[in-house]
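# Starting from these lines, generate the structure:
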Amino acid sequence: MTTEKLGDTAARGVVTTLSGQGLKLAIQVLSVVILARMLSPQDYGLVAMVAVIIGIADLFRDFGLSSAAIQAKTLSNQQRDNLFWLNAALGVVLAVIIFCVSPLIAGMYNQPKLVDISHVLAATFLLSGLATQYRADLTRRLKFAKLALADIIAAAIALLTAIIAASLGAGYWALIVQQLTQYTFMLVLVTASAGWLPKKPSRRTPMDGMIKFGWNLVATQLIGYLSKNIDSLVIGIRFGAVPLGLYSRAFQLLMAPLSQIRSPSTTVALPVLARLHDDEERFASFVQRGQLALGYTLVTGLGVVVGAGLPITELFLGQKWLSLAPVLSLLAAAGAFQTLAFVGYWVYLAKGMTKYLFRYSIAESAVTVACILIGSQWGIVGVAAGYAATQAIGWPLSLWWLSRYSKLKVRPLYAAALRIIAISAAMAMASHLTVLGLHEFPSYVAVIAALIAGAIVMALATLSIPRIRRDITGVWEIATRARRKG
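A predicted model of the protein is given here:
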């Protein structure tokens, strides 16, 4: 594929994926807004207790094989079929394991209700195991529109089902029904979109390289998952279901949508970078532009959330959740630092450097656990502060570690990140001062004013600072190119 054609495909993929995720994000936020007013913090806390545990098992269900399929230079139909059966088998095994250990999960939290919740949610492993390679196949073939459409439809139907269940008094079961519905419809939609059915597995087909890649990746993801979810685990065990329910709402309102937007950027970046593997100059250019695109959209937007945490909490969750405002602001800061380092993850996957990613993840996890355990002395706000501190420490270290094992020049990434941090901090300050001046006005007025204040800061920086103007122009060119070629 030529440079121009690959660039056009990547640009269209970015716009298609982000547009789809924008709609899915709207559904996610709508889910939080509606269900937070229909369900209690304890309902959310009970489901979150199980979700933390089964999320670990879900990493083994994927086993890194979806990324192995996407980044492979060549993938035969028989290899694809073998990967399908591997993921399906892992899904079955893990569903059985979670079903059997449900009393242990309930005992760890001292919550008997978690037995039945675990039994039902175990079915999600089978559903997601069957869907894994269909999603990977659509990604590998750059069928981003079909994948985005499946995400949107499944999320919308699941939300409608949850609202109906909650209105009928189902309580926390409404959240469980939502998850099962989403997984089921996702499986049906991606299977239909991919247009193939797996044949019998073959032992003669070479799979060792993909399994080794997957093992290194899943080991890395396991360490990362534990470090990223130690906050929920500590809160659930130490403080109980209600504080965890409160914390999980802030996390769901901010970090889950952020992940839904950020992770699909990998969906676009990984197959493109895999094609640029041997062209270091084009590879580095793509990574640098990717960081700018994420930084001047997501990170700057999170700056506004940092400054306007209180009215955002009131607007989206309601008065009974106002104690979460500082948690939301701290998580926004954590998400900003995470995003600045996220492009490094693309490099590790595209270059097949998962063993080096694993080694870094071990050190990062140790720092995370220490910060969160220290922060937990001050309740859920302290936990959020510890989580934010971890990400602030981690982003420069992660790029430094990457520079040790790859030819990628990280100095431009550091420089761009510092510019983005400076702009985001100025936007956070402007938003916060605006909110303070409008504390007697309705929350929606304060949120709109905060957004305007942030936009003004961005506009002034773009007009007055040439380097930032060039950054913004580069991001704008990506969007313009995609619209022209789309």
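# give me the low-pLDDT residue ranges for this structure?
1-22, 56-73, 206-221, 224, 264, 267-268, 478-486 (pLDDT under 70).
# Helix or strand: which one has residue 409?
Assessed by DSSP states H and E, residue 409 sits outside every helix and strand.
# How many residues are close by it?
For residue 409, the tally of surrounding residues (other Cβ atoms under 10 Å) stands at 14. In this view, the C-beta of every residue, glycine as well, is placed from N, C-alpha and C.
# Repeat that for residue 476.
A count of neighbours around residue 476, defined by other Cβ under 10 Å, yields 12.
# Can you show me the helices along the stretch 201-350 of the chain?
Using DSSP state H, counting those that start in this stretch, the helices found in the stretch 201-350 of the chain span residues 208-239, 241-275, 280-294, 300-307, 309-317, 325-350.
# Residue 108: what's it in contact with?
Neighbouring residues of residue 108 by Cβ atoms under 8 Å, 6 or more residues apart in numbering: residue 237.
# could you redo the last one with a cut-off of 7 Å?
Residue 108 is in contact with no residue at all, counting by Cβ atoms under 7 Å, 6 or more residues apart in numbering.
# can you redo the helices of the stretch 201-350 of the chain as TSV with distance to residue 363?
Listed next are those as TSV, based on distance: least, Cβ to Cβ, whole Å:
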stretch	distance to residue 363
helix 208-239	9
helix 241-275	22
helix 280-294	22
helix 300-307	25
helix 309-317	30
helix 325-350	14
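# Would you tell me which of those helices gets closest to residue 370?
For the helices of the stretch 201-350 of the chain, proximity to residue 370 was assessed by Cβ to Cβ; helix 208-239 is nearest, at 10.0 Å.
# would you turn the helices of the stretch 201-350 of the chain into JSON lines with distance to residue 384 and mean neighbour count?
Below are those laid out as JSON lines (distance: least, Cβ to Cβ, whole Å; neighbours: other Cβ atoms under 10 Å):
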{"stretch": "helix 208-239", "distance to residue 384": "7", "mean neighbour count": "20"}
{"stretch": "helix 241-275", "distance to residue 384": "8", "mean neighbour count": "22"}
{"stretch": "helix 280-294", "distance to residue 384": "22", "mean neighbour count": "19"}
{"stretch": "helix 300-307", "distance to residue 384": "12", "mean neighbour count": "25"}
{"stretch": "helix 309-317", "distance to residue 384": "11", "mean neighbour count": "22"}
{"stretch": "helix 325-350", "distance to residue 384": "4", "mean neighbour count": "24"}
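# Looking at those, which is nearest to residue 23?
Of all the helices of the stretch 201-350 of the chain, helix 241-275 comes closest under Cβ to Cβ, at 10.5 Å.
# hmm, back to that, residue 395 is nearest to which of the helices of the stretch 201-350 of the chain?
Residue 395 lies closest to helix 325-350 among the helices of the stretch 201-350 of the chain, at 4.0 Å (Cβ to Cβ).
# Tell me what angle that closest one forms with helix 280-294.
Comparing the axes of helix 325-350 and helix 280-294 via axes from the mean of the first three to the mean of the last three Cα atoms, to 10 degrees yields an angle of 160 degrees.
# So which other helices or strands are in contact with helix 325-350?
helix 65-71, helix 241-275, helix 280-294, helix 300-307, helix 309-317, helix 354-375, helix 379-405, helix 411-437 (3 or more Cβ pairs under 7 Å, 6 or more residues apart in numbering; DSSP states H and E).
# want to try JSON lines for those, with distance to residue 115 as columns?
Shown next, in JSON lines, are the helices and strands packed on helix 325-350 (distance: least, Cβ to Cβ, whole Å):
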{"stretch": "helix 65-71", "distance to residue 115": "31"}
{"stretch": "helix 241-275", "distance to residue 115": "15"}
{"stretch": "helix 280-294", "distance to residue 115": "41"}
{"stretch": "helix 300-307", "distance to residue 115": "37"}
{"stretch": "helix 309-317", "distance to residue 115": "29"}
{"stretch": "helix 354-375", "distance to residue 115": "28"}
{"stretch": "helix 379-405", "distance to residue 115": "26"}
{"stretch": "helix 411-437", "distance to residue 115": "44"}
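# and of those, who's closest to residue 91?
That would be helix 65-71 among those, by Cβ to Cβ, at 11.5 Å.
# Now do the buried residues in the next helix or strand after that closest one.
Note on helix 65-71: by DSSP H and E, the next helix or strand toward the C-terminus is helix 77-109. Residues of helix 77-109 classed as buried by neighbour count (16 or more other Cβ atoms under 10 Å): 78-88, 90-91, 93-95, 98-99, 101-102, 105-106, 109.
# List of residues touching the helix or strand that helix 77-109 is followed by?
Sequence order places helix 114-121 as the next helix or strand after helix 77-109, per DSSP H and E. Residues from elsewhere that reach helix 114-121 (Cβ under 7 Å, 6+ apart): 46-47, 49-50, 54, 98-99, 102-103, 105-106, 176, 179.
# between the residues you listed, which is closest to residue 380?
residue 49 (14.6 Å).
# Go ahead and confirm that closest one touches residue 236.
Yes - counting by Cβ atoms under 7 Å, residue 49 does reach residue 236; the two are 4.8 Å apart.
# can you redo the contacts of helix 114-121 as TSV with distance to residue 343?
Output for those, formatted as TSV (distance: Cβ to Cβ, whole Å):
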residue	distance to residue 343
46	36
47	32
49	33
50	33
54	29
98	34
99	39
102	39
103	43
105	36
106	40
176	35
179	30
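# Can you name the two of those residues that sit furthest apart?
Checking those with Cβ to Cβ, the most distant pair is 103 and 179, at 21.1 Å.
# measure residue 445 to residue 319 for me?
16 Å (Cβ to Cβ, to the nearest Å).
# So between these two, which is more surrounded?
residue 445 (13 against 8).
# How about the more buried one, nearest residue that isn't a chain neighbour?
residue 438 (6.2 Å; Cβ to Cβ, 6 or more residues apart in numbering).
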